[in-house]
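Any chance you could fold what I've pasted below:
(one chain, ligands or ions: 2)
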Amino acid sequence: MAELILGIETSCDDTSVALVDQNGNVVAIETVSQYEIHSEFGGVYPELASRAHLEAILPVIERVLTSADITPLNLRAIGVTRGPGLMGSLLVGLSTAQALGIVWEVPTYGVNHLRGHIRSVDLDGKSLDYPALVLLVSGGHTLLAYLQNQYSYELLGTTRDDSLGECYDKVARTLGLGMPGGPAVDRMAAAGTACVKFPRPMIKSGYEFSFSGLKSSVARYVETHPEFDVNDVAAAFVDASLDVLSTKVQRAIDQKKLATLAVVGGVAASPQVRARMQHITEQAGINLCLPSQKWATDNAAMIAMATWDYIEQGLEKNLEPKPNLRLSDS
Ligand code: KG4
Ligand code: ZN
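Ligands and ions are numbered 1, 2, ... in the order given. Next up is the predicted model:
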């Protein structure tokens with residue numbers, strides 16, 4: 001039997017456990033979402049998140065191992081997210097992984113969640129061609145990175161305030177749509193027309209992002225236009241954010257020699273984002289690499305996949321939680 005990595009992801013509000021082989025085949029996975037727990041707060045409530053992880057983690061690990069008929073003897077390693085994320089949530093995954101690693105005598109690696117998102121495109125037997133530009137758009141992060149090869153991560157720009165996923169969630173709330181906000185905004189936007197022109201923050205130069213002004217503009221518009229059309233406002237918001245993303249991506253395509261554009265993170269599940277990126281890469285004659293929808297949002301398969309890099313590179317087994325871990329940190 002192929003050697004497997006047991007991946008554990010608890011950085012935010014999903015308790016996820018997966019078994020993945022070196023070719024990116026996902027042998028088993030289970031993800032328990034906490035949407036219902038947090039929906040009444042309109043965002044993730046950190047203390048409730050760590051409590052829910054604590055309740056879910058051991059049963060989920062047991063079910064994943066049992067469903068694949070795997071014993072700890074089949075494990076090459078355990079890989080667990082050590083940041084970025086919520087401290088209490090990270091600690092649940094890390095302390096569980098550490099204890100199991102000691103008892104089972106399996107090497108245990110702390111993994112960078114951002115590198116996990118990037119590796120999500122290598123799941124299901126696919127592989128990224130380099131040099132690659134990576135656009136990571138999730139609930140916690142928005143960044144552009146240049147990867148000369150599999151192990152070099154050059155950060156081109158990140159967000160100065162809100163992430164794009166956060167902005168989708170806030171706009172969903174402003175429009176009276178439920179959580180998770182992203183898919184709800186997508187659905188409304190698909191039925192609307194972008195007849196309002198919202199600002200495109202920081203579009204003119206560089207690779208940095210800012211989304212809080214866009215979010216406030218949507219809130220102000222809704223407040224001052226009581227008969228607003230939900231679909232049209234959603235469409236105008238999506239149009240503004242897509243213009244920002246695509247301008248920055250095009251800038252990098254013009255300035256760098258690239259084989260591939262990869263778009264990862266929860267917002268990469270958006271059909272509008274996928275379609276726009278498809279168009280840009282076709283025009284530029286480079287590959288587009290998208291994770292399948294199920295690997296775009298947080299999951300443990302991508303963490304297990306990234307763990308193979310830690311083993312191949314001989315990186316330290318560091319189980320220290322780091323809520324502010326950066327892309328350049330291992
Ligand atoms: O990657 P992810 O699961 O968690 C973080 O690492 O943050 O991303 C979650 C974010 C949420 O803000 C959610 O609204 C957004 O991804 N999202 C979407 C879609 N599905 C999830 N945004 C736009 N369209 C979607 N279909
Ligand atoms: Zn994430």
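
CA only for contacts and neighbour counts going forward, please
OK.

Now the least confident helix or strand in the chain by mean pLDDT: buried residues?
The least trusted helix or strand in the chain, going by mean pLDDT, DSSP states H and E, turns out to be helix 35-38, with a mean of 79. Buried residues in helix 35-38, defined by neighbour count with 16 or more other CA atoms under 10 Å: Tyr35, His38.

Please compute how far that helix lies from its chain's middle.
Centroid separation for helix 35-38 versus its chain: 18 Å, with CA atoms, centre = their mean, to the nearest Å.

so, in contact with ligand 1 or not, it?
No: legend: contact between helix 35-38 and ligand 1 by CA under 6 Å from any ligand atom is lacking; minimum distance shown is 10.7 Å.

That helix: what's the following helix or strand?
Per DSSP states H and E, the first helix or strand lying C-terminal to helix 35-38 is helix 46-67.

quick one: contacts of that following helix?
Helix 46-67 has contacts (CA atoms under 8 Å, 6 or more residues apart in numbering) with 10, 12-19, 28-32, 34, 37-38, 71, 86, 88-89, 92-93, 96.

swap the cut-off to 10 Å and go again
Helix 46-67 is contacted by residues 6-19, 27-35, 37-38, 69-72, 86-93, 96-97 when judged by CA atoms under 10 Å, 6 or more residues apart in numbering.

Tell me the buried residues within the residues you listed.
Buried subset of the contacts of helix 46-67 (neighbour count, 16+ other CA under 10 Å): 6-19, 27-35, 38, 70, 72, 86-93, 96-97.

Mind checking which of the residues you listed are in strands?
Cross-referencing the buried ones among the contacts of helix 46-67 against strands under DSSP state E gives 6-9, 14-19, 27-33.

what's near enough to touch the residue most central in space within the chain?
In the chain, the residue lying closest to the centroid (CA atoms, centre = their mean) is Gly265, at 2.8 Å. Going by CA under 10 Å, 6+ apart, Gly265 touches 114, 116-118, 120, 135-142, 165, 290-291, 293, 295-298.

Check which helices and strands the least confident helix or strand of the chain is in contact with.
Applying 3 or more CA pairs under 10 Å, 6 or more residues apart in numbering; DSSP states H and E, one finds that helix 35-38 contacts helix 46-67.

is the helix it packs on up against ligand 1 anywhere?
No: residues of helix 46-67 are not located near ligand 1 by CA under 6 Å from any ligand atom, the shortest gap being 13.5 Å.

Can you list the strands that whatever helix or strand comes next after that helix pairs with?
Where DSSP H and E defines the elements, the next helix or strand beyond helix 46-67 is strand 75-83. Sheet pairing of strand 75-83 (DSSP bridges) gives strand 4-9 (parallel), strand 108-112 (parallel).

Give the closest residue to the residue in the stretch 1-150 of the chain positioned nearest to ligand 1 in space, chain neighbours not counted.
Closest contact between the stretch 1-150 of the chain and ligand 1, by CA to the nearest ligand atom, is at Gly139 (3.1 Å). Spatial nearest neighbour of Gly139, chain neighbours left out: Gly165 (4.0 Å); criterion: CA to CA, 6 or more residues apart in numbering.

And for Asp329, the neighbour number?
Neighbour count for Asp329, taken as other CA atoms under 10 Å: 13.

still on that earlier bit, the residue of the stretch 1-150 of the chain closest to ligand 1 - that's part of a strand, no?
No: per DSSP: H, G, I helix; E, B strand; the rest coil, Gly139 lies outside any strand segment and is coil.
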